[in-house]
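Undergrad: Can you look at this prediction? I've put the sequence above it.
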Amino acid sequence: MSRTRIKICGLTREADVDAAVAAGADAIGFVFYAKSPRHVTPQRAAELARRLPPFVTPVGLFVNASEAQLAEGLAALPNMLVQFHGDESPADCERPGRPFLRAARMEPGFDLLDFVQQYSNAQAILLDAHVDGYGGGGKVFDWSLIPRNVHSPVVLSGGLHAGNVAEGILRVRPWAVDVSSGVEEAKGLKDAALIRQFCDAVREADARIADLQT
Ligand SMILES: O=C(O)c1ccccc1N[C@@H]1O[C@H](COP(=O)(O)O)[C@@H](O)[C@H]1O
C-alpha cells in the first residue's frame, strides 16, 4: 500500500513535537520567518528537534531569508530539509547545496508546469494557496488548478484539516501533505487531538486508495 507522507508545520512547543511524532508524522516544520506567529529561532528549533526519533525529518521554512539567516538555520540543524516559501529564485534555492522543497503559490493563471521546470532540482514542489504573508493562512486553493502531468513529487498544503485531507489525497494523489493552521488551537499552538485526527484521516485515505487499486 502506498503511503502519503505527513508533515506537521509550525511547531513551537515540546508537547507538540511529541504529539506529531506519536501520531506518525514523517516530518515536522520549524518556521524561521520573523513575521510569522509560528516563528522560532534556530536555537529553539534545534532544542525541539533533539526530541525527534530517527527517520522523522526536521524541515526549516524560510521566506526570503538573507544568506546569514539561512546559514544560521542550517548550522543549528545540519540534517534539516529546507522549505523555501518566499520569492527565492532557483539559484537562491540551490546555493546552500541542501535538499529543498519549493513552495508554489497557487492561484488562477499560475503556470505550475513552468514553475516545476524552473525548480527541477527541488526534491518536491509544495502547493499552497496564494495568501498575504506568504503562507500559513489556512486557505484552501482550487485543486483543479493542478495539471495532471506534474513531473515532480507534490506536497499538498493550504487549509488542510482532518475533514478535507482525505478528499485532497484522493483527488491530487500527492507524495505528502503538509498542515499548520488545521491542527492548531491558536496560531503556533498545536492541538494533539487535531494532529491525531489529521494523521488518521491520511491513513484512511491511503487505505481507500489501496482498495480502489485491488
Ligand atoms: O506557518 C506560517 O506562519 C507560514 C508563514 C510563511 C510562509 C509559510 C507558512 N506556513 C506554511 O504554509 C502552508 C499552509 O499552511 P496552512 O496549513 O494553510 O496553515 C504550510 O506549508 C505551512 O508550512
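TA: The structure has been received and is ready for your questions. Numbering: from 1, shown residues only.
Undergrad: Residue 45 contacts residue 74, doesn't it?
TA: No - Residue 45 lies out of contact with residue 74 (Cβ atoms under 8 Å); the separation is 11.1 Å. Just so you know, the C-beta spots here come from the backbone N, C-alpha and C atoms, and that holds for glycine as well.
Undergrad: out of these two, which sits in the busier spot?
TA: residue 45 (25 against 18; other Cβ atoms under 10 Å).
Undergrad: and the more buried one, what does it touch?
TA: 30, 32, 58, 60, 73, 76-77 (Cβ atoms under 8 Å, 6 or more residues apart in numbering).
Undergrad: Distance-wise, check it relative to the ligand.
TA: Distance, residue 45 to the ligand, by Cβ to the nearest ligand atom, to the nearest Å: 13 Å.
Undergrad: Start and end of stretch 81-99, how far apart?
TA: Criterion Cα to Cα, to the nearest Å; first-to-last residue distance in stretch 81-99 is 6 Å.
Undergrad: Please give the centre-to-centre distance between that stretch and its chain.
TA: Stretch 81-99 has its C-alpha centroid displaced from the chain centroid by 14 Å (Cα atoms, centre = their mean, to the nearest Å).
Undergrad: Could I get the full set of strands for the chain?
TA: Assigned by DSSP state E, the chain shows strands spanning 5-9, 27-31, 57-62, 81-84, 100-106, 124-129, 154-156, 176-179, 184-186, 189-190.
Undergrad: what does this structure put close to the ligand?
TA: By Cβ under 6 Å from any ligand atom, the residues of the chain that approach the ligand are 9-10, 29, 31, 33, 36, 38, 61, 63, 85, 126, 128, 133-138, 157-160, 178-182.
Undergrad: Got a ChimeraX select line for the buried ones in the residues you listed?
TA: For the buried members of the residues of the chain next to the ligand, the matching ChimeraX selection, counting by 16 or more other Cβ atoms under 10 Å, is:
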select :9,10,29,31,33,36,38,61,63,85,126,128,134,135,136,137,138,157,158,159,160,178,179,180,181,182
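Undergrad: if we can go back for a sec, greatest separation within the contacts of residue 45: which pair is it?
TA: 32 and 58 (11.4 Å; Cβ to Cβ).
Undergrad: Next one: residue 11 relative to the ligand, how far apart?
TA: In terms of Cβ to the nearest ligand atom, residue 11 sits 10 Å off from the ligand.
Undergrad: so who does that residue touch?
TA: The contact partners of residue 11, by Cβ under 8 Å, 6+ apart, come to 17, 20, 28-30, 38, 40, 48, 190.
Undergrad: Pick out whichever of those sits closest to residue 106.
TA: residue 29 (18.6 Å).
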